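> Next comes the sequence, and after it the predicted model I'd like to discuss.
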Amino acid sequence: MKSQDVRKQFLDFFQSNGHLIVPSAPIVLKDDPTLMFNNSGMAQFKEYFLGNGTPKSKRIADTQKCLRVSGKHNDLEDVGFDTYHHTMFEMLGNWSFGDYFKKEAINWAWQLLTEVYKIPKENLYVSVFEGSKEDNVPFDQEAWDIWKTLIDEDRIILGNKKDNFWEMGDQGPCGPCSEIHVDLRPESEKALVSGKSLVNNDHPQVVEIWNNVFMEFNRKADGSLEKLPAQHVDTGMGFERLCMALQGKTSNYDTDVFTPLIEKVEQITGLKYTSDEVKNISEEQNKTNIAIRVVVDHVRAVAFAIADGQLPSNTGAGYVIRRILRRAIRYGFTFLGTKEPFINKLVEVLANQMGEFFPEIKSQQQLVTNVIREEEASFLRTLDQGLQLLDNVIAQTSGSEVSGAKAFELYDTFGFPKDLTALILKEKGMSLNETEFDASMQEQKNRSRAASEVSTEDWSVLIPGNVETFVGYDQVENEVKITRIRKVDSKKDGILYQIVLDNTPFYPEGGGQVGDKGTLVSANETIEIIDTKKENNLILHFAKQLPENIEAGFTAKVNTDLRSSTSKNHSATHLMHLALRNLLGTHVEQKGSLVNPNYLRFDFSHFSKVSDEELHQVEASVNAQIEAQLQLVEHRNIPIKEALDKGAMALFGEKYGDNVRMIEFGDSKELCGGIHVKNTAEIWHFKIISEGAVAAGIRRIEAITGAAVKDFYQNQENTLSEIKETLKNPQDILKSVASLQDDNAKLKKQIEQLLKEKVGALKSELEKDFQEVNGVNFLAKQVDLSMASTKDLASALGSSKADSFVFLASVEDGLPNIHCYISKELVASKSLNANAVIKELGKYIEGNGGGQPFFASGKGKNASGIAEALAHAIEFVK
């Protein structure tokens, strides 16, 4: 059965049983502060389990794109070594929100697996929760009794809390679960060892395929459990593992989910992948297999994340995506011999394969390809740099074992991988202190974990059952009551309090727009609200202190100055988006945005730099729309189809409901939940302050509006006045500046000629100072030149004599610089290395540097250390 049919039959089955089929949420979570990525099928439904929202249907089914790079079995560095764990995977799931429970969930699961998919019953095992004295939760007798009617009792396994009690996190909804495992081993192996003994023991052919979670408890901050108001069902079935079972394979990578990608890698590299059925393969072939598994797994995760709007970067979710991609690149580089970008060529295969169910990968195919190609080229350059740095480390190592701490520094700072370091060292007859490396890695993880540690107390509910209302589109001030509060303690922000109101004018951070700030005012006190966010459908108001009387009535007041500036920038973003599409083409799509009171930032797809002339045209277009005094037309709650039919733009990577809010300013029509001006005239003026590249095919514009534009032009005027004053107030300032530039160019030429003459004279002088030491022409001197000229002089002196070792130092702008030239014949015959010289002697000037074995340079902070560096230089040739 083809994978497309497996997916379709699952959805058809649950649709026929009264479930609403919903699309996958984006793999990247933009407005959930607790998660970077959708890591399970239930992540998009959290608010329903928590009772903070109402689902479209009490029965829902879908296939969800998920991403996991941490946790049990999901450490990124382990993916590829087995045949059934992945970074990105699909989770087939069905949900009941206070509707059916264990009986229906278990019977449907069994019916689908054995009657529709026709998996032999004798290959299946199930588990039920054995109970927990610690939590005072009894053995799940109900699930056991249901399973007894479907399967032999000797195939029912009791599972402990670790395996059979599912929790959303340290706090929140949870409950016992019932897993279904499949035994895919050949009959000969089954005859020798019972599959029952291999369940939950990491056997590659005895794997869990479906987990039915029965949510009936809430885990409180103190660790205790309380009953939820309603019972829910949350199930998740691994799509890739299910395909493995249905296609008669013993590895996920042997299914048609992965084989098209593997075939493309084989075509590119000329190497062959051996299926899991081939036994006793060589160590070399095993390394090739692992590398190919890493590449085809990781390209799926990276491609879908980019398609959903998350570009690789150095922070947050973007860093995770970059880390995944770089791991794939280095496995290709090290084990597949790929020294040029190649992973981007897999995107077309992936888009053709999965575009029917996930149209975003097809529509964003070119962008995804471009971004991955650019990331590959950049990291391959980094790897080349890392190879040079590793040479330096080797040169400084006495003995045959390289420091793990030094290797970790290469990994942490430059992304140079541990396995590649170990491989290169092995080729040179050396080894890596892996214990030291692992200890450094663990220290970093501990620091990172400590820095992000957050302690969250349970909600203290003051008004039960209240459904919070957002009134901020119409009001910036209104009367409120506090409905719930909780305390949050983090290393980053210290102690803060989250406050939920019965209704609120405060806009929570979302859609690129920052959250409102303001105050809660009662008869006796004023509480400052420092931020507003949304979590699990609750609008959270952050404060550094709680009111003395939390049950009092308050007036919620938004800071209107900040709100006004933010709304101007947000509306201007819409106008600019339209102007860019009109000018550059409809390929322009928003890929990210930030809207705050100070400025707006807009990332968009475009294949080249936007010229100055084009930027002027964009500015002119936006300002024309401002001057046209376009009135805001707001469609607050219309069906999404109607909005799209009216021409509204929907953004990829955003999750929309059945009903949406549509914002219109003239021809600009977008789906948007943010705060906007009532009329474009309020924006006053729009000014672009920068344009540049973010990634391949992605440009970024930063701009300002309103008072910020006035300040910008005032600063420009002040600068112009200062220039005029400096130039003695000439009548024609441009002519005066041009004259200065001409004079400067003439003087530079004269200075360059004088410097050449000075360097030539110094070279002739210093050639007399060479001394022979152990067959080496040695020279170490301080000169009175710029850094660039000192470097040129060192090179010229070194080239003037055979077997030369030249070490020169100088001071520029109070800072020392050093340079070392070693003849290539000495590098070969005496194993001298200019890099090692600069590293060692750089210590005396409190600096560092690098280069190549025959020439290297460095800079430092302590010029008084030059004399000592010069004195020690001779030790390298003695």
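Thanks, I have the structure now.

> so which helix or strand takes in Glu772?
Using DSSP states H and E, Glu772 sits within strand 771-773.

> in stretch 157-172, what's buried?
Buried residues in stretch 157-172, counted by 16 or more other CB atoms under 10 Å: 157, 159, 161, 163-168, 171-172. The way it works is simple: take the backbone N, C-alpha and C, and place the C-beta from them, glycine included.

> Can you tell me the SS state at Gly851?
Here Gly851 is recorded as strand under DSSP: H, G, I helix; E, B strand; the rest coil.

> Pretty sure it sits against Ile838.
Yes - Gly851 is within contact range of Ile838, at 7.0 Å (criterion: CB atoms under 8 Å).

> So for the two, which sits in the more crowded spot?
Using other CB atoms under 10 Å, the more surrounded residue of Gly851 and Ile838 is Ile838, with 25 against 20.

> per-residue pLDDT, the more buried one?
Confidence at Ile838, expressed as pLDDT, is 93.

> That one against Gly850, yeah?
Yes - Ile838 lies in contact with Gly850 (CB under 8 Å); the separation is 6.7 Å.

> ok so, going back, turn the buried residues of stretch 157-172 into a markdown table, including secondary structure and pLDDT.
Putting the buried residues of stretch 157-172 into a markdown table (DSSP: H, G, I helix; E, B strand; the rest coil; pLDDT from 0 to 100) gives the following:
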| residue | secondary structure | pLDDT |
| --- | --- | --- |
| Ile157 | strand | 96 |
| Gly159 | strand | 94 |
| Lys161 | helix | 94 |
| Asp163 | helix | 92 |
| Asn164 | helix | 95 |
| Phe165 | strand | 96 |
| Trp166 | strand | 92 |
| Glu167 | strand | 88 |
| Met168 | coil | 76 |
| Gln171 | coil | 84 |
| Gly172 | strand | 84 |
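
> Identify the farthest-apart pair in these.
The largest separation in the buried residues of stretch 157-172, counting by CB to CB, is between Ile157 and Gln171 at 28.6 Å.

> Look up how far Gly518 lies from the closest residue to Thr560 other than its chain neighbours.
The shortest distance from Thr560 to any non-neighbouring residue, by CB to CB, 6 or more residues apart in numbering, is to Val476 (5.4 Å). According to CB to CB, to the nearest Å, Val476 stands 8 Å off from Gly518.

> Overlap in contacts, those two.
Taking CB atoms under 8 Å, 6 or more residues apart in numbering as the contact rule, Val476 and Gly518 both touch 557-558.

> Counting neighbours, go ahead and name the busier of the two.
Per other CB under 10 Å, whichever of Val476 and Gly518 has more neighbours is Gly518, with 23 against 19.

> so where is the stretch 501-650 of the chain shaky, pLDDT-wise?
Scanning the stretch 501-650 of the chain for pLDDT under 70 picks out no residues.

> all strands of it, in order?
Remark: strands assigned in the stretch 501-650 of the chain by DSSP state E, counting those that start in this stretch are 503-504, 518-521, 526-529, 531-535, 538-543, 553-558, 590-595, 600-605, 633-639.

> nearest to Leu826, of those?
Closest to Leu826 of those, according to CB to CB: strand 600-605, at 51.5 Å.

> returning to that earlier point: need the buried residues of stretch 157-172 in a markdown table (columns: distance to Leu793).
Output for these, formatted as a markdown table (distance: CB to CB, whole Å):
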| residue | distance to Leu793 |
| --- | --- |
| Ile157 | 78 |
| Gly159 | 75 |
| Lys161 | 73 |
| Asp163 | 71 |
| Asn164 | 75 |
| Phe165 | 73 |
| Trp166 | 70 |
| Glu167 | 68 |
| Met168 | 67 |
| Gln171 | 67 |
| Gly172 | 68 |
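
> now the residue of the chain positioned farthest from its centre: how far from Ala796?
Computed with CA atoms, centre = their mean, the maximum C-alpha offset from the centroid of the chain is found at Lys768, amounting to 58.8 Å. According to CB to CB, Lys768 stands 15 Å off from Ala796.

> now Asp297
When distance is defined by CB to CB, Asp297 is 53 Å away from Ala796.

> So which of those two has more stuff around it?
Asp297 (25 against 17).

> which residue sits closest to the more buried one, ignoring its sequence neighbours?
In space, Asp297 is closest to His86, 5.2 Å off (CB to CB, 6+ apart).

> Next: Asp170.
Leaving aside its chain neighbours, Asp170 sits nearest to Arg219 (7.2 Å; criterion: CB to CB, 6+ apart).

> Specify the beta-bridge partners of that neighbour.
Counting by DSSP bridges, Arg219 forms beta bridges with Gly172, Leu225.

> For Asp163, see how far away it is.
Arg219 sits 17 Å away from Asp163, taking CB to CB as the criterion.

> rewinding a little: determine which of the strands of the stretch 501-650 of the chain approaches Glu47 most closely.
Ranking the strands of the stretch 501-650 of the chain by proximity to Glu47 (CB to CB) places strand 538-543 first, at 8.0 Å.

> ok, the closest one: who's next to it in the sheet?
When pairs are called by DSSP bridges, strand 538-543 turns out to pair with strand 494-501 (antiparallel), strand 531-535 (antiparallel).

> Format those as CSV; extra columns: mean neighbour count and distance to Val233.
Formatted as CSV, the strands paired with strand 538-543 follow (neighbours: other CB atoms under 10 Å; distance: least, CB to CB, whole Å):
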stretch, mean neighbour count, distance to Val233
strand 494-501, 19, 28
strand 531-535, 19, 24
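
> Now tabulate those strands in TSV and tack on distance to Leu580.
Listed next are the strands paired with strand 538-543 as TSV, based on distance: least, CB to CB, whole Å:
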stretch	distance to Leu580
strand 494-501	38
strand 531-535	29
